[in-house]
Every structure is written in structure tokens, then in C-alpha cells.
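>>> Below is the sequence, then the predicted model.
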Amino acid sequence: MRIAEKYDRLSTGIISAVLLPCFTILMMWLFSSGHNSLETYLNKIANADIITHIITLCVFPNVFIFLIFNRFDMLRASRGVLGITIVWAIIVFIVKFV
């Protein structure tokens, strides 16, 4: 069984599309926070009213996962990534307009 066949599941796409934005926000915090805690960093983002911008930046790497899954013909996994990315987009619209 090839690796692509082994990991071509909807759950693989969903898990990777949820974890990568979390990993991205952690990387942003590590490289830009100075010596602030994660809670302080997130409070600064909320106070600056740039939550939607940060969510969008964190979800952007999902495009690369989607393209990688498509390249290796892992269509079920790419469907999971696309679904969760649409959920993230709905969250951005809700936060922005509510």
C-alpha cells in the first residue's frame, strides 16, 4: 500500500486543516511576541481588532496542503482540507460582521 493510499482519508485532511493554522499562530507568537505569554499575545490581537486578519493569515497555509494532496491524487484528504477551510472562512465572516 502506497503512502498516498494509506493517508487518503477525509479525517487526514480535516486534522491537517485544523492543526496547521494552530501551528501557524504558534509560530507567529514565537517569532513576534518578544517575551509575552500566549495569552497576552492573543489579547493584544483582540485589542488591536485584527482577529480576522490573523485568522486569515493562519488559514492561508491550508492552500499548500490542499495543493499537495491534489498533486498526490489524495482527493478525499483534499476534500477534508477544503471543507475545514470553508468553515474557517465562515468563522472569519461571522467575526467580521457580527
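Thanks, I have it.
>>> Spatially central residue in this structure, please.
Nearest residue to the geometric centre of the chain (C-alpha atoms, centre = their mean): residue 21, 2.8 Å.
>>> What mean pLDDT does the helix or strand harbouring that one get?
Residue 21 belongs to helix 10-32 when assigned by DSSP states H and E. The pLDDT scores in helix 10-32 average 94.
>>> quick one: it to chain centroid distance?
5 Å (C-alpha atoms, centre = their mean, to the nearest Å).
>>> before we move on, back to that, for the residue nearest to the centre of the chain, list the residues it contacts.
Neighbour list for residue 21: 55, 58, 59, 61, 62, 88 [criterion: C-beta atoms under 8 Å, 6 or more residues apart in numbering]. Bear in mind the C-beta positions are built from the backbone N, C-alpha and C, glycine included.
>>> Measure how buried the closest residue to residue 62 other than its chain neighbours is and give me the count.
Sequence neighbours aside, residue 85 is the residue nearest to residue 62 in space, at 4.7 Å (criterion: C-beta to C-beta, 6 or more residues apart in numbering). By the criterion of other C-beta atoms under 10 Å, residue 85 has 19 neighbours.
>>> Hmm, residue 65 and residue 85 touching each other?
No - contact criterion C-beta atoms under 8 Å: residue 85 and residue 65 do not qualify, at 9.1 Å.
>>> Check residue 2 and give its pLDDT.
So, for residue 2, pLDDT stands at 77.
>>> Quick one: neighbours of it, just the number.
Around residue 2 there are 8 residues (other C-beta under 10 Å).
>>> Could you do residue 90 as well?
10.
>>> Return the set of buried residues in the host helix or strand of it.
Element membership of residue 90, judged by DSSP H and E, is helix 75-97. Residues of helix 75-97 classed as buried by neighbour count (16 or more other C-beta atoms under 10 Å): 77, 78, 79, 80, 81, 82, 84, 85, 88, 92.
>>> Which elements pack onto it?
Here helix 75-97 touches helix 10-32, helix 51-59, helix 62-71, going by 3 or more C-beta pairs under 8 Å, 6 or more residues apart in numbering; DSSP states H and E.
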